[in-house]
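Undergrad: predicted model, plus sequence, below.
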Amino acid sequence: MNQDIATASAKEKNIPASTDIVVKVRNLKKSFGDTHVLRDINLDLHNSENLVILGRSGTGKSVLIKCMVGLITPDAGSITILNYDVLSLNQKEMNELRLHVGFSFQGSALYDSMTVRENLEFPLKRNLGINDPHELEERVVKALEDVGLEDAINKMPAELSGGMKKRIGIARTLILNPKIMLYDEPTAGLDPITSIEINELILKVRDKYKTSSIIITHDISSARHTSDRVIALVGGYSKYEGTFDEIRQTTDPELEPFFNY
Ligand SMILES: Nc1ncnc2c1ncn2[C@@H]1O[C@H](COP(=O)(O)OP(=O)(O)OP(=O)(O)O)[C@@H](O)[C@H]1O
C-alpha cells in the first residue's frame, strides 16, 4: 500500500497532489522516558479533505494531535500547518495559528458553570474581541443551527446528553471559522446512533465550510463513514496510508483485528 496507492486514490477523488497541503508532518518523534510513543510519523493533510488517523488505544494518536497544536513538544521532526513552522513559533504566532485550527477535545470541554450561549460567546469575546450583543447573538445562533441545536441555547451543560455536549463542543470550535479541524475521538462514549449523527456532522462541516480535518479515532465505523483517506499508526509509525477500503485489506496483525471485530 502506501504512497503509490495513496497518490492513485487522491487522483480518483480529485484531491490535488502536493500543491494544496495544509498540514505536513515529517519524521515526528516523541518519547516519555523509556516509552517511545511516536517513532517516525509522516503525514500530509490536503485542503478540504477528512483524514482519519486510526490506531489502537495507546498508539499515540492524542500525543500526535497535541504536538500539532503546541500542547506537547516533540523530540524531533517538523510540523507545518498553513505555512507556519509550528515548532518554532513564539506564543503570539501560536495564538494566531490557533485561530485557524479548531481543536475538538475528546471530552467536549464545555464550562459547566456557563450556559450554552455563554460557552459559545466565550471564544468570540476572548479570541476575536467581539462584544457587540447583536453580532454575538447572530454568530451563536448560526453555530447552533450548524449543529442542529438552536433550542439548547439557554441550557446548562449538565442538562445536555453526551451527544449534545459533543455537538456544542464542535459548535464552539466552528464559531471561529477555522480552516482546519482536529477531532480527538469524536464518537468516544457515544451510542451507535448518536455516533452516526456526529459522523454526519463531521461530513457536513467539511462540505459546508471546506474545512480540512484530522479525525483521530479507533472507531472503525466512524473511520469508514468520515474518511477521504486513512493513515494507520502501528508501533509508533505512520505505517499504512490509503482509502478506508484499501487499509481494510491489511493483514498486519496489529490492525487486522480492528476490521474483523
Ligand atoms: N504527558 C504524558 N506523559 C507521559 N506519558 C504520556 C503523556 N501523554 C501520553 N502519554 C503516553 O503516551 C502513550 C500514547 O497515549 P495517547 O493518549 O496518545 O494514546 P491514544 O492512541 O490517543 O489512545 P486512546 O485511543 O486510548 O485515546 C500512552 O502510553 C500514554 O500513557
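TA: Good, I have the coordinates.
Undergrad: do a quick rundown of the helices in the stretch 151-261 of the chain.
TA: 162-174, 192-209, 220-226, 244-247, 256-259 (DSSP state H, counting those that start in this stretch).
Undergrad: may I have the first one as PDB, with CA atoms only?
TA: Below are the C-alpha coordinates for helix 162-174, written out as PDB (Å, rounded to 0.1, in the frame of the first residue of the first chain):
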ATOM      1  CA  GLY A 162     -23.200  13.200  25.800                       C
ATOM      2  CA  GLY A 163     -24.000  13.600  22.000                       C
ATOM      3  CA  MET A 164     -25.400  17.100  22.500                       C
ATOM      4  CA  LYS A 165     -22.300  18.100  24.500                       C
ATOM      5  CA  LYS A 166     -20.100  16.900  21.700                       C
ATOM      6  CA  ARG A 167     -22.100  18.900  19.200                       C
ATOM      7  CA  ILE A 168     -21.900  22.100  21.300                       C
ATOM      8  CA  GLY A 169     -18.200  21.500  21.700                       C
ATOM      9  CA  ILE A 170     -17.900  21.300  17.900                       C
ATOM     10  CA  ALA A 171     -20.100  24.400  17.500                       C
ATOM     11  CA  ARG A 172     -17.800  26.300  19.900                       C
ATOM     12  CA  THR A 173     -14.800  25.300  17.700                       C
ATOM     13  CA  LEU A 174     -16.600  26.100  14.400                       C
END
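Undergrad: show me what that helix is packed against.
TA: Using 3 or more CB pairs under 8 Å, 6 or more residues apart in numbering; DSSP states H and E, the elements in contact with helix 162-174 are strand 101-104, helix 116-128, helix 133-146, strand 180-184, helix 192-209. Quick note: C-beta positions are derived from backbone N, CA and C, even for glycine.
Undergrad: tell me which of those lies nearest to residue 254.
TA: Residue 254 sits nearest to strand 180-184 of all the helices and strands packed on helix 162-174, at 21.0 Å, using CB to CB.
Undergrad: partners of that closest one, with directions?
TA: Paired strands of strand 180-184, with direction, are strand 101-104 (parallel), strand 212-217 (parallel) (DSSP bridges).
Undergrad: closest to the ligand out of those?
TA: Between the ligand and these, the tightest spacing by CB to the nearest ligand atom is seen for strand 212-217, at 6.5 Å.
Undergrad: residues contacting the closest one, please?
TA: 22-23, 45-54, 61-62, 64-65, 68, 179-187, 202, 205-206, 222-223, 226-227 (CB atoms under 8 Å, 6 or more residues apart in numbering).
Undergrad: wait, what's in contact with residue 81?
TA: Contacts of residue 81 by CB under 8 Å, 6+ apart are 22-24, 68, 97, 100-101, 180.
Undergrad: tabulate the residues you listed (CSV), appending neighbour count and distance to the ligand.
TA: Converted to CSV, the contacts of residue 81 look like this (neighbours: other CB atoms under 10 Å; distance: CB to the nearest ligand atom, whole Å):
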residue, neighbour count, distance to the ligand
22, 21, 22
23, 21, 17
24, 16, 20
68, 23, 12
97, 19, 21
100, 15, 23
101, 25, 18
180, 21, 19
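Undergrad: mind putting those residues into a markdown table with pLDDT?
TA: Below are those laid out as a markdown table (pLDDT from 0 to 100):
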| residue | pLDDT |
| --- | --- |
| 22 | 96 |
| 23 | 96 |
| 24 | 96 |
| 68 | 92 |
| 97 | 91 |
| 100 | 93 |
| 101 | 94 |
| 180 | 96 |
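Undergrad: many thanks, we can stop here.
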